[in-house]
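>>> the amino acid sequence is not available; the structure is as follows:
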């Protein structure tokens, strides 16, 4: 796990910026094998990004049989409490796409906030948006709904799939209004430095060239942008020892 100070620093950047660093250090074959494929909705964009380690749980609000397991909620809460903070609760809703009930509302968000959880990513629904915001609990979800139906934990501490992406317990997650990125333990140590470098690289090359183009001819603008793009790519190659074209 990263030091808490590094997590706070990661939270200062939006998720696309963190992705820009992540894509330089990842060794995964699929460049999209870390972020959501399906569209998400951030219901508290004013809270900014959230950063934490995944707590995974599966629910099925349409099935009344799950509520007959009297110890499920207690066992699940003990599991959540045992994990280091900050935590992001990642919820797979088995009813998707027919979402009929919400795991989240004012009560559950306050209870999870007390256990060191900063927010949730759920491919189901949420309710009590204002109350959840007041609790300081950020939610990225599929939609809103009115009731909770027969919701309770079905299983937890397992791999889940939300918004087209598989997430394992304990993965570091960075999420905001753009979506979310889940990184592996091997990718954590270099993530912050890589993201900061790539942001700086953009500012010192292509963005500056674009902003300084006022008053130039079309040919001069294109030449400047091409030169800046080359400089940007070369800096990234040298820093991350990339092969081939940018």
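It's in. All values derive from a computational prediction rather than experimental measurement.

>>> what sits against the closest residue to residue 208 other than its chain neighbours?
Nearest non-adjacent residue to residue 208, counting by Cβ to Cβ, 6 or more residues apart in numbering: residue 228, 7.2 Å away. Yep, even glycine has a C-beta here, placed from its N, CA and C like the rest. Counting by Cβ atoms under 8 Å, 6 or more residues apart in numbering, residue 228 makes contact with 205, 206, 208, 209, 210.

>>> which ones among these map onto helices?
The helices, defined by DSSP state H, take in 206, 208, 209, 210 from these.

>>> hmm, which two among the contacts of residue 228 are most spread apart?
205 and 210 (9.7 Å; Cβ to Cβ).

>>> more neighbours: these two, which one.
residue 205 (21 against 13; other Cβ atoms under 10 Å).

>>> confidence score at the more buried one?
pLDDT, residue 205: 96.

>>> and if you look at residue 150?
91.

>>> now do the SS call for it.
Secondary structure assignment for residue 150 (DSSP: H, G, I helix; E, B strand; the rest coil): coil.

>>> for the residue nearest to residue 94 when sequence neighbours are not counted, phi and psi?
Spatial nearest neighbour of residue 94, excluding adjacent residues (Cβ to Cβ, 6+ apart): residue 60 at 4.0 Å. Dihedral pair for residue 60: phi -150, psi 80, per degrees, to the nearest 10.

>>> so residue 67: helix, strand or coil?
Applying three-state DSSP: residue 67 is helix.

>>> which of the residues in the longest helix seen in the chain are buried?
Longest helix of the chain, by residue count under DSSP H: helix 218-240. With burial defined by 16 or more other Cβ atoms under 10 Å, the residues of helix 218-240 counted as buried are 221, 224, 228, 232, 233, 235, 236.

>>> rewinding a little: do you know how far the residue nearest to residue 208 is from residue 116?
44 Å (Cβ to Cβ, to the nearest Å).

>>> using JSON lines, lay out the ones in helices among the contacts of residue 228 together with distance to residue 95.
Output for the ones in helices among the contacts of residue 228, formatted as JSON lines (distance: Cβ to Cβ, whole Å):
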{"residue": "206", "distance to residue 95": "45"}
{"residue": "208", "distance to residue 95": "49"}
{"residue": "209", "distance to residue 95": "50"}
{"residue": "210", "distance to residue 95": "46"}
